[in-house]
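Q: Structure of the sequence below:
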Amino acid sequence: MEIVVDNLVQVFGEAPNEVLALDHVSHTFPSQRFTCILGPSGCGKSTLAQIVGGIEPYTGGAVTVGAAAQPLGTHSVMMWQHLNLFPWRSVIDNVAFGLEMQGIAKAERYERARRLIAMVGLRGFEAHRPPQLSGGMRQRVALARALIMERPILLMDEPFGALDAQTKIVMQEELVRIYEQTKKTVLFVTHAIDEAILLGDEIVVMTARPGRIKEVIKVDLPRPRSQEMVNTPEFGRLYDRALHLIREEVLNALRQQEEAAG
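A: Got it, this is the predicted structure:
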């Protein structure tokens, strides 16, 4: 499902202390494609994803999802860095929570939850609770909980940011595998250049605040992808281009902080 962002503006607060977070951002996120949003801290990456998901109201411009005039969030589900799993509920009940809130009968939601639990490699852990699981396993529970809603758009706000390096690699490859199976439209917010290249069909590089789109990098690496690609010349060229762009914006962000500090 295509997402069209047209001259999007987001302002937080009121004059004279208002903050311009997004400044006339325009981009068409293609249907069934994986877009990574990359930029320095505070550039509005997460704000953009939350606006698309109907979580955050916006100041100006327009966001259109698909052809139907339905409220933002109708066709999407968000996966956060902070998983917000219910520690007192089992894996299967955490995964099935959204269906429970929709009033779907227990037998049906459990059947659907078991399929997703198997898909993310957690078969046999249905009765465990989150405190009994590793960080990577909890991340898989959160991913299954998002996928069970069967929304065509998956919004992911730095979902692997808190994981150790080894677990992060496993989850990236798992996400690539699931994306190949489901072909959702994915918006993935990240600070990591290598992650953006490994996962994305395109990388939207944003400027330091106020957030604008600096450049869109097309990632033409073949799928399926794995960590072995990191050492290829093609990956290296993409990394160098993204690093050049993001370094400029990180330096701009640091200058802004120094000026604000006076």
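Q: For the spatially most central residue of the chain, which three-state class applies?
A: Nearest residue to the geometric centre of the chain (C-alpha atoms, centre = their mean): M156, 1.9 Å. At M156, secondary structure determined by DSSP: H, G, I helix; E, B strand; the rest coil is strand.
Q: With H27 instead?
A: strand.
Q: if I look at it, how far off is G61?
A: Distance, H27 to G61, by C-beta to C-beta, to the nearest Å: 11 Å. The way it works is simple: take the backbone N, C-alpha and C, and place the C-beta from them, glycine included.
Q: which residues do these two both contact?
A: When contacts are counted by C-beta atoms under 8 Å, 6 or more residues apart in numbering, H27 and G61 are jointly contacted by V5.
Q: give the contact list for the residue nearest to the centre of the chain.
A: Counted by C-beta under 8 Å, 6+ apart, M156 has contacts A49, M78, M79, V186, L187, F188, V189.
Q: Among the residues you listed, which are located in strands?
A: M78, M79, V186, L187, F188, V189 (DSSP state E).
Q: just checking, the last one touches K45?
A: Put plainly, it is V189. Yes. Assessed by C-beta atoms under 8 Å, V189 is found in contact with K45 at 4.6 Å.
Q: Show the pLDDT at A69.
A: With respect to pLDDT, A69 scores 69.
Q: Go through the contacts of M156 and name the one nearest L38.
A: V189 (8.3 Å; C-beta to C-beta).
Q: tell me which residues form a beta bridge with the closest one?
A: According to DSSP bridges, the partner residues bridging V189 are I37, D157.
Q: how many neighbours does it have?
A: 25 (other C-beta atoms under 10 Å).
Q: Tell me who's in contact with it.
A: V189 sits in contact with C36, I37, K45, S46, L48, A49, M156, D157, E158, where contact means C-beta under 8 Å, 6+ apart.
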